[in-house]
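# how would this look folded up:
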Amino acid sequence: MTQNSDPKRPDLPAEVFFDGACPVCRAEMDLWKRADALSQTRWRDVAGPDAPPDGVSRAAALARFHVRLGDGRVVAGARAFLALFKSNRRLRPIAVLLDRQPFLIALDAGYWAFLRLRRIWRPRPAQQATRLP
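Modelled structure (predicted):
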């Protein structure tokens, strides 16, 4: 188990891996960082010096949102967002409902569409890598 894990809530995010070079992604993570339920969560900007989760390449971590849950599992895409939503008492009932088929298919399709649009305002990882310290 990770240091931030809660044995009573293994579905809560212990670590969040996000693309800080994407302005929309960074703004959303800044909002989530303020959530009380996520006060023990570690936030990792994989566009910067932070390492991606074990078993996930930096390119894969930059291409898709990842979360390490309190039980050590790593989830990506729609399931990663649902993990964040489950940490919010108001969003949790909706997240629990949506965390099954066919909803996951629809959520992943919506996330896939967002990732295509994200190319408009986010430089390619290779372009950005030249700007890292």
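# where does this structure dip in pLDDT?
1-9, 122-133 (pLDDT under 70).
# same thing but at 90, please
Counting by pLDDT under 90, the chain shows low-confidence ranges at 1-14, 21-25, 32-41, 63, 87-91, 111, 114-133.
# In it, which helix is the longest?
If you go by DSSP state H, the chain has its longest helix at helix 103-118.
# what's next to that one, contact-wise?
22, 24-25, 63-65, 77-79, 81-82, 97-98 (C-beta atoms under 8 Å, 6 or more residues apart in numbering). C-betas here are computed from N, CA, C, even on glycine.
# ok, 6 Å please
Defining contact as C-beta atoms under 6 Å, 6 or more residues apart in numbering, one finds that helix 103-118 is touched by 22, 77-78.
# same check, this time on stretch 56-69
Taking C-beta under 6 Å, 6+ apart as the rule, stretch 56-69 contacts 11, 13-17, 19, 46, 52-53, 74-77, 80, 83, 125.
# Excluding chain neighbours, what is closest to residue 21?
Nearest residue to residue 21 in three dimensions, chain neighbours excluded: residue 47, at 3.8 Å (C-beta to C-beta, 6 or more residues apart in numbering).
# End to end on stretch 25-41, go ahead and measure it.
17 Å (C-alpha to C-alpha, to the nearest Å).
# roughly how far out does that stretch sit from the chain middle?
Distance of stretch 25-41 from its chain centroid, counting by C-alpha atoms, centre = their mean, to the nearest Å, is 10 Å.
# For that stretch, which outside residues touch it?
Here stretch 25-41 has contacts from 4, 13, 16, 18-20, 43, 84, 87, using C-beta under 6 Å, 6+ apart.
# wait, doesn't residue 15 sit right on residue 45?
No: the criterion here is C-beta atoms under 6 Å, and residue 15 misses it with residue 45 at 11.6 Å.
# Compare neighbour counts for those two and give me the winner.
Legend: neighbour count by other C-beta atoms under 10 Å for residue 15 and residue 45, higher for residue 15 (20 against 16).
# Just say helix, strand or coil for the more buried one.
Following DSSP: H, G, I helix; E, B strand; the rest coil, residue 15 is assigned to strand.
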